[in-house]
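Asks: I would like to see how this sequence folds:
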Amino acid sequence: MFKLEFNKKKHNKESHECSYEKIKEIGLLLQKKRLEANLSVLDIASELMIHEDVISNIESGNVEEVIKTLYYQGCVISYAKILKLNHKKVSDYIERDLSIIIEKNSQIFKEMHQKNQKMHDALSIKIVIIIVAVCLGTSIANTIIQKNQEDQNILALISKTR
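Replies: Numbers count the residues shown, from 1 in each chain. Presented below is the predicted three-dimensional model:
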C-alpha cells in the first residue's frame, strides 16, 4: 500500500493553485499504481460502475468533468435503485450515451473557446485602434492649439508694429 501526505493548511488563494497540483499528483499516482497492478482503465471503470472517461479524467486531473459525470451517473443509478430497477443495466445503458455526450460537450467547449479567443483578439485589436486614435487625436489637437498660439503671437506682433 502507499501513503499520501496531505498539507493541513487553511485554504486560501495561494493554496488554491496547489490544490490543483495535488489533484494532478494524486491522479498520476493512481495511474501509476493501476499500471503496476496491470489493470486497464476499463477494469477500474467496470469495478466502479462508471465510464472509462471518468477514470481517464481522474488520472489527468480534470476535476470538473469527473464531478459532472459522476454526479449525473450517481443520481441515475440511485434513482434506478429506488425504483427497484437493475442499476447495473441502467449504468451500462447510460455509459454509452455519456461517452457521446462527453465527446460532444468537449467539442462544443473547444468551439466556444476558439470563438471566445477570436472575439478576444478582435476586441484587443479594436482597443489598440481606439488608443492609437485617441493618441493621434490628442497629438493633432495639440498641434492645432500650438499653431493657433503661434498665429496669435504673430498677429500680436503685427498689431504692435502698426
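
Asks: S60 against G27, yeah?
Replies: Yes: counting by Cβ atoms under 8 Å, G27 is a contact partner of S60 at 6.0 Å. (C-beta placed from N, C-alpha, C; glycine too.)

Asks: more neighbours: which of the two?
Replies: Counted by other Cβ atoms under 10 Å, S60 and G27 do not tie: G27 has more neighbours, with 20 against 15.

Asks: for the lengthiest helix in the chain, which helices and strands make contact with it?
Replies: Using DSSP state H to define each element, the chain has its longest helix at helix 87-161. Helix 87-161 is packed against helix 52-60, helix 63-82, with contacts defined by 3 or more Cβ pairs under 8 Å, 6 or more residues apart in numbering; DSSP states H and E.

Asks: chain center to the last one, what's the gap?
Replies: Spelled out, it's helix 63-82. Here helix 63-82 is found 22 Å from its chain centre; the criterion is Cα atoms, centre = their mean, to the nearest Å.

Asks: switch to numbering from 793
Replies: Got it, the first residue is 793 from now on, which makes the last one we talked about helix 855-874.

Asks: report the angle between that helix and helix 879-953.
Replies: For helix 855-874 against helix 879-953, the angle by axes from the mean of the first three to the mean of the last three Cα atoms, to 10 degrees is 150 degrees.

Asks: only C-alpha atoms, please: export helix 855-874 in PDB.
Replies: Extracted C-alpha coordinates of helix 855-874, given in PDB (Å, rounded to 0.1, in the frame of the first residue of the first chain):
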ATOM      1  CA  VAL A 855     -11.900  17.500 -11.800                       C
ATOM      2  CA  GLU A 856     -14.800  19.400 -13.400                       C
ATOM      3  CA  GLU A 857     -15.500  16.700 -15.900                       C
ATOM      4  CA  VAL A 858     -15.300  14.000 -13.200                       C
ATOM      5  CA  ILE A 859     -17.700  15.800 -10.900                       C
ATOM      6  CA  LYS A 860     -20.300  16.500 -13.600                       C
ATOM      7  CA  THR A 861     -20.200  12.900 -15.000                       C
ATOM      8  CA  LEU A 862     -20.200  11.200 -11.600                       C
ATOM      9  CA  TYR A 863     -23.000  13.400 -10.200                       C
ATOM     10  CA  TYR A 864     -25.300  12.600 -13.200                       C
ATOM     11  CA  GLN A 865     -24.400   8.900 -13.200                       C
ATOM     12  CA  GLY A 866     -24.800   8.600  -9.400                       C
ATOM     13  CA  CYS A 867     -28.200  10.200  -9.500                       C
ATOM     14  CA  VAL A 868     -29.400   8.000 -12.200                       C
ATOM     15  CA  ILE A 869     -28.200   4.800 -10.500                       C
ATOM     16  CA  SER A 870     -29.700   5.900  -7.200                       C
ATOM     17  CA  TYR A 871     -32.900   6.700  -8.900                       C
ATOM     18  CA  ALA A 872     -33.000   3.200 -10.600                       C
ATOM     19  CA  LYS A 873     -32.300   1.500  -7.200                       C
ATOM     20  CA  ILE A 874     -35.200   3.300  -5.600                       C
END
